[in-house]
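[1] Okay, sequence plus prediction incoming.
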Amino acid sequence: MLSKIKITLAMLSSLAIASPALASDLSGADTAWLLTATALVLFMTLPGLSLFYGGLVRVRNVLSVLMQCFALAALMSLVWFVAGYTLAFGSGGVEQGPWLGDLGNLFLAGISLDGVNGSIPDSLFVMFQMTFAIITPALIVGGFAERMRFSAMLVFCVAWVLLVYAPICHWVWGGGWLGSMGLQDFAGGTVVHVTAGVAALVAAVMMGPRRGFGSVAMPPHNLTMTVTGAGMLWVGWFGFNAGSAVAADGSAAMAMLVTHLSAACGSLAWMTMEWLRHGKPSVLGIVTGMVAGLGTITPASGSVGPAAAVVIGLTAGVVCYFATIALKNRLKIDDSLDVFPVHGVGGALGTLLAGIFCSPNLGIFSGNGFSDGIDSIAGQLGVQATGVAATFIYTAVVSWVLFKVVDGLIGLRVDTDEETIGLDLVLHDERGYDL
């Protein structure tokens with residue numbers, strides 16, 4: 001009898017210990033991978049994007065770009081804490097509206113130590129998504145580099161994340177109307193790249209070109225810095241795309257594989273286009289092609305297989321190359337660091353191609369299938385096009401309004417003499433190099 005009592009007590013004790021894990025379904029493997037992926041995405045901004053952009057501007061503006069990326073990393077983290085996260089994702093367990101999340105997680109009030117989101121901690125999901133909210137406005141910096149006031153940039157980006165990024169994030173990933181329609185955007189073709197690209201285009205048009213644009217050569221001042229940043233972006237992008245599986249599983253592994261293949265093909269395609277048209281392949285071209293390949297595969301990285309990723313990367317390198325030429329040489333729009341032709345065009349292209357190559361009926365080019373309720377390429381492509389169009393129009397309109405308001409309040413652009421001196425000295429009283 002005594003032995004039976006001991007066995008029964010031991011069984012009850014083991015159940016008591018095991019029950020919290022069973023209730024939460026917390027996965028150590030998923031948690032470890034998302035911790036790593038989160039660090040990788042932040043690594044994309046600091047230092048990856050900072051160095052990539054910093055090397056592309058002229059020497060008198062290098063610190064201004066580094067400062068903008070660094071300051072945005074800090075400020076957007078606070079914005080996400082206060083209201084960004086709840087506007088995008090709302091509070092768990094509450095049915096969300098189609099347009100915006102509820103306010104149940106203002107100041108992250110509902111995020112606790114033992115909270116779980118799927119198989120990972122709530123706090124980790126918040127942090128992972130925070131890194132996306134950091135890098136997206138940082139991408140816009142390339143559209144107005146070398147001529148925007150630092151104070152105006154900060155004010156605009158705070159309002160933009162709350163009024164553009166968070167709502168569109170909710171539409172796609174937070175239970176909103178685009179996600180409900182079946183939009184396939186695995187890691188941010190619309191949410192990140194189209195929004196950033198369109199906002200950069202609006203900024204470039206509204207602010208006008210840099211002084212001397214079209215008549216004075218404006219080569220990158222430090223391509224070594226740019227290539228270093230590009231390498232960090234390539235590696236960090238694995239966290240961006242593979243991390244969006246929110247699990248350590250086959251989906252994350254395939255997303256990493258197709259991301260790498262697309263980046264490689266984008267690099268080679270852009271390099272080849274330059275080689276054929278200008279006689280020499282450039283370092284700037286190969287790294288820009290890499291970014292085009294990465295941005296274009298981002299929305300499709302959870303939808304397509306390896307062969308399709310090669311096609312997407314090659315297409316990205318060619319299409320984004322010609323988009324860059326058209327914007328600068330034909331339309332005469334000074335998107336300083338080519339944010340719209342690389343990220344905007346690439347994000348839209350990848351979102352559309354996801355609607356084709358997600359099809360399970362394309363042989364070696366087959367993907368992971370259509371969304372629920374959709375049974376054809378035409379049907380999926382229609383949803384993808386709706387997502388691109390809605391994101392483009394909403395971002396353009398709201399960004400334009402925000403730029404007008406900020407311009408009226410504090411002014412968007414430094415004056416001509418300040419631009420000639422350079423933003424490093426004018427805005428920060430420092431030099432990038434003292435040799």
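    Received, thanks.
[2] Distance from the chain centre to stretch 358-373, please.
    25 Å (CA atoms, centre = their mean, to the nearest Å).
[3] Show me which residues of it are buried.
    Buried residues in stretch 358-373, defined by neighbour count with 16 or more other CB atoms under 10 Å: 358-359, 362, 365-368, 370-371. Backbone N, C-alpha and C define where each C-beta goes, glycine included.
[4] distance between the longest helix anywhere in the chain and the chain's centre?
    If you go by DSSP state H, the chain has its longest helix at helix 377-409. Relative to its chain's centre, helix 377-409 lies at 15 Å (CA atoms, centre = their mean).
[5] Phi, psi for R413 please.
    Dihedral pair for R413: phi -120, psi 140, per degrees, to the nearest 10.
[6] Hmm, it is touching R149, no?
    Yes - using CB atoms under 8 Å, R413 makes contact with R149 at a distance of 6.7 Å.
[7] what about those two, which has more around it?
    R149 (22 against 16; other CB atoms under 10 Å).
[8] Just the pLDDT for the more buried one.
    Here, the pLDDT recorded for R149 equals 98.
[9] That one contacts E418, doesn't it?
    No - using CB under 8 Å as the test, R149 is too far from E418 to be in contact (9.1 Å).
[10] ok so, going back, convert the C-alpha atoms of the very next helix or strand once past the longest helix of the chain to CSV, please.
    Later in the chain than helix 377-409, the nearest helix or strand by DSSP states H and E is helix 416-421. Taking Å, rounded to 0.1, in the frame of the first residue of the first chain, the C-alpha atoms of helix 416-421 are listed here in CSV:
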residue,chain,number,x,y,z
THR,A,416,21.4,76.0,-49.8
ASP,A,417,24.5,77.2,-47.8
GLU,A,418,24.0,74.6,-45.2
GLU,A,419,23.7,71.9,-47.8
THR,A,420,26.9,73.1,-49.4
ILE,A,421,28.8,72.9,-46.1
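[11] Need the contact partners of helix 416-421.
    Applying CB atoms under 8 Å, 6 or more residues apart in numbering, the contact partners of helix 416-421 are 60, 146-147, 210-211, 413, 426.
[12] Count residues in the vicinity of V426, would you?
    19.
[13] Can you verify my assumption that it contacts R413?
    No - applying CB under 8 Å as the test, V426 and R413 come out as separate, 11.8 Å apart.
[14] any idea how far I393 lies from S399?
    11 Å (CB to CB, to the nearest Å).
[15] Which one's more surrounded, these two?
    S399 (24 against 11).
[16] Enumerate the positions of the helix or strand harbouring T315 that are buried.
    T315 belongs to helix 306-325 when assigned by DSSP H and E. For helix 306-325, burial by neighbour count (16+ other CB under 10 Å) applies to 307-321, 323-324.
[17] C-terminal to that helix, what's the next element?
    Helix 306-325 is succeeded, C-terminally, by helix 339 (DSSP H and E).
[18] Would you mind writing the CA trace of the helix or strand following that following helix as CSV?
    Sequence order places helix 345-357 as the next helix or strand after helix 339, per DSSP H and E. Listed next in CSV are the C-alpha coordinates belonging to helix 345-357 (Å, rounded to 0.1, in the frame of the first residue of the first chain):
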residue,chain,number,x,y,z
VAL,A,345,9.8,48.2,-57.0
GLY,A,346,11.5,45.1,-55.6
GLY,A,347,8.9,44.7,-52.9
ALA,A,348,6.0,45.1,-55.3
LEU,A,349,7.6,42.8,-57.8
GLY,A,350,8.2,40.1,-55.2
THR,A,351,4.7,40.3,-53.8
LEU,A,352,3.3,39.8,-57.3
LEU,A,353,5.7,37.0,-58.2
ALA,A,354,4.7,35.2,-54.9
GLY,A,355,1.2,35.0,-56.4
ILE,A,356,2.6,33.1,-59.3
PHE,A,357,5.3,30.9,-57.9
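[19] Nearest residue to the most centrally placed residue in the chain in space, please, no chain neighbours.
    Taking CA atoms, centre = their mean, the centroid of the chain lies closest to V192, which sits 3.8 Å from it. Nearest non-adjacent residue to V192, counting by CB to CB, 6 or more residues apart in numbering: T136, 4.9 Å away.
[20] what's near enough to touch the one you found?
    Applying CB under 8 Å, 6+ apart, the residues contacting T136 are 161, 165, 188, 191-192, 195-196.
[21] Strands along the chain, start to end?
    116-117, 120-121 (DSSP state E).
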